[in-house]
Each structure stands twice: as structure tokens, then as C-alpha cells.
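Participant: got a structure for you, letters missing:
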């Protein structure tokens, strides 16, 4: 009897085991820390990193000391890596610390062996001072394209990165060379004058990689870039405060609640002169498609509209806007274009800039605010 019972018990245990195995195979399997890989990045001077359209890391220090970013990521192949890197440069002059021409550099290494190299795509969006002339600094700004961080963004027309030695870049701060074996410092072909660069690459699944989980998160962070772009910027006018120079937000402008409304707060006790622009049709000259053909611009203090414009080149203020743009280092708007712009003197307080399409039209627009002397 005992032997029969043991055989029956063993058979029952086997059936339970088969049932549990079938349940595990058909159930939810979550990833754990063991499935993550390290990401190390270092930028001279600052960077933000997206993978498959999601922001995974951002340097928490604006420029000094140089800061190595180290995080863990959960790889999802193929992985599209997109990085926005900035050198410490005045947007109006391209100089750092008032008179110097700086240099730059970026390096990244993942735990799966992915490393920066000349095979990465690279494109510059802010160059200066042109001709390496710090005595008469002139800069060139190119609008950063929408969705540059997305998996399906078309970078086929971009050039490739240029590799630099660590000795040429001169990393300092808490840079740990052993975290970047096989990785190369990269930038464009102009390490000194190119100040804002986007890098992109796509990483295929390693030959030995097997995905061991089948769940996806319920948390939706896909709107994060738009949410970040819609935050309010503070312009400090008080003693010891950081001095605002330029801010910009580019987004799709819809109707009703879908219009574009960035914000600005002027602190301190002193009024500030600003140039505000809503650029639509001129973006086509930078290769942007689906632009807002005729943007309108309204400036509000609370619920009160303090200024508005539709078509910057109307004779009343076009020369003032053109001079202000040249002094601020902004790209020129063609005469007769339907872009909107205003030169304003704003008292301390909170303001919003409402950008919509004339006649209820929709499309991509760029909102810019420049501090003026």
C-alpha cells in the first residue's frame, strides 16, 4: 500500500508541477534588476538621453563641475538612443565666461557593449562665435526638430560624429575612465564652435540576448517632452539671480485647448525688455514640415491680454522687431512672412504667451522669448 501511495503521490506532485509550469509560462513575468544594464555618460558640459523615445537620464548639473551620469536601464531592442548635448556657451555670443571660446565632447557606454563612436549620427544646432571671432561674436541658431528623440525620426540626411581623444576633450570632475572602455569621445567636426549637438544611433539585439519578461508598464511617460516644454521659466531680476537669455518651445499647435501656451515669470523689481516670436512659415527653411502657416501671438498677464500680433512685418513695428532679433542673435524672419513677433517691456510678474493659428488652422510652431538690453 505504501508503495502504491508513494507512486500516486509522486504522480499527483508531477501533475501539480506541470500545472504550475503551464501557469508560469502563460502568466505575467516581470523584469527585475538582473535584467537591467548600466548606462554611463559624460558630457562637456551637459546632456539629456532618450532611449526609444523615453527620457532615461539627464545631467543634474548645468555645467560645472562636469558630472558623470550613471543609471540602470531596461533594454528593449532594437534601441534607438538619442542625446541632446550642450557646451557651456552664451546663446547670444557662443562664448563662455564672457570672452572665451570653449570646447565640448560626449561619451557613453552601456552594459551590453554599446559605445559612442564615429558610427553615431551627429548634427549641430547652435554655432558660434562664427569665424572664431570673440571680439565681434556672431552666432547661428538652427531650430531643433520636433521629435528628434523618437524611434522613427528620420536622421538619414545627418552626418556622422567625429571621434576625439580624451586628451583633446580633457574630461574632469568625476569622470571615471574605466567606465568607458571601448567608447570614444564624439562631437561634430568642430569641437570648439558647435555648441548644441544631437546624436542618434540604433542598437540591434545582441546575438545572445533573450528577453525574459512579457509585461509592459501601465505608466505612460510618452508625453514627458511636451510636458517639460510646457513648463514655466523664471526670469530673475533680483540680486544674485541667474540671468535669463533665451527660451524656446516647439510643438504642434491645435485648436481650443490644443493651442500652445508657454509661461514666463519675471522676478525681482525691475522691468525687462523681451522679444517674443511665434514662428511658423519660416520653419520650412529649416526643413520642418507641417508648419503653422499663420500663427497669432497674444501675451497675457493673468486673464488680461497686454499685447498681440499677427504678421510681424506689418510696418508699425517691423524695424523694431528686426533690430531686436539681430541684437539677440535670433535668426532673421523674411520680410512679409506671416510669423508673429513683439518687442515688449514687461514688469515683474507672471505672463503666458498664447499661440494659435489664424482662422483655426493648425501646425507646428516655435515660440521664442529673448532677453533684450
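Facilitator: Perfect, thanks for sending it. Everything numeric here is computed off the predicted structure, so don't read it as measured data.

Participant: Just want the phi and psi numbers for the residue nearest the centre of the chain.
Facilitator: Per CA atoms, centre = their mean, the C-alpha nearest to the average position across the chain is that of residue 84, at 5.5 Å. Dihedral angles of residue 84 (phi, psi; degrees, to the nearest 10) stand at phi -100, psi 120.

Participant: Would you mind confirming that it makes contact with residue 200?
Facilitator: No. Using CB atoms under 8 Å, residue 84 is not in contact with residue 200, being 10.2 Å away. For every residue, glycine as well, the C-beta is placed using N, CA and C.

Participant: shared neighbours of the two, anything?
Facilitator: residue 148 (CB atoms under 8 Å, 6 or more residues apart in numbering).

Participant: pLDDT below threshold where in the stretch 1-150 of the chain?
Facilitator: Low-confidence segments of the stretch 1-150 of the chain, defined by pLDDT under 70: 1-26, 63-64.

Participant: can you give me the strands in it?
Facilitator: Here the stretch 1-150 of the chain has its strands, by DSSP state E, counting those that start in this stretch, at 37-44, 46-51, 54-58, 68-73, 79-86, 105-110, 121-127, 140-141.

Participant: Now do the contacts for the closest residue to residue 102 other than its chain neighbours.
Facilitator: In this structure, residue 102 finds its nearest non-sequential neighbour in residue 96, 4.3 Å apart by CB to CB, 6 or more residues apart in numbering. Counting by CB under 8 Å, 6+ apart, residue 96 touches 87-90, 102.

Participant: Separate out the buried members of those.
Facilitator: The neighbour count (16 or more other CB atoms under 10 Å) marks 87-90, 102 as buried among the contacts of residue 96.

Participant: Can you redo the residues you listed as TSV, where the extra columns are distance to residue 179?
Facilitator: Below are those laid out as TSV (distance: CB to CB, whole Å):
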residue	distance to residue 179
87	22
88	23
89	26
90	31
102	24
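
Participant: Relative to residue 339, which of the residues you listed is nearest.
Facilitator: Closest approach to residue 339 among the buried ones among the contacts of residue 96 (CB to CB): residue 90, at 24.6 Å.

Participant: where's that closest one relative to residue 329, distance?
Facilitator: Distance, residue 90 to residue 329, by CB to CB, to the nearest Å: 9 Å.

Participant: Repeat that for residue 74.
Facilitator: Residue 74 sits 41 Å away from residue 329, going by CB to CB.

Participant: higher neighbour count, these two?
Facilitator: Legend: neighbour count by other CB atoms under 10 Å for residue 74 and residue 329, higher for residue 329 (21 against 14).

Participant: residue contacts, the spatially closest residue to the more buried one that is not a sequence neighbour?
Facilitator: Once flanking residues are discounted, residue 329 sits nearest to residue 92: 4.4 Å by CB to CB, 6+ apart. Neighbour list for residue 92: 137, 139, 245-246, 328-329 [criterion: CB under 8 Å, 6+ apart].

Participant: mind listing what the closest residue to residue 360 other than its chain neighbours touches?
Facilitator: Excluding the flanking residues, the one nearest residue 360 by CB to CB, 6+ apart is residue 255, at 5.4 Å. Contacts for residue 255 (CB under 8 Å, 6+ apart) come out as 356-357, 360, 362.
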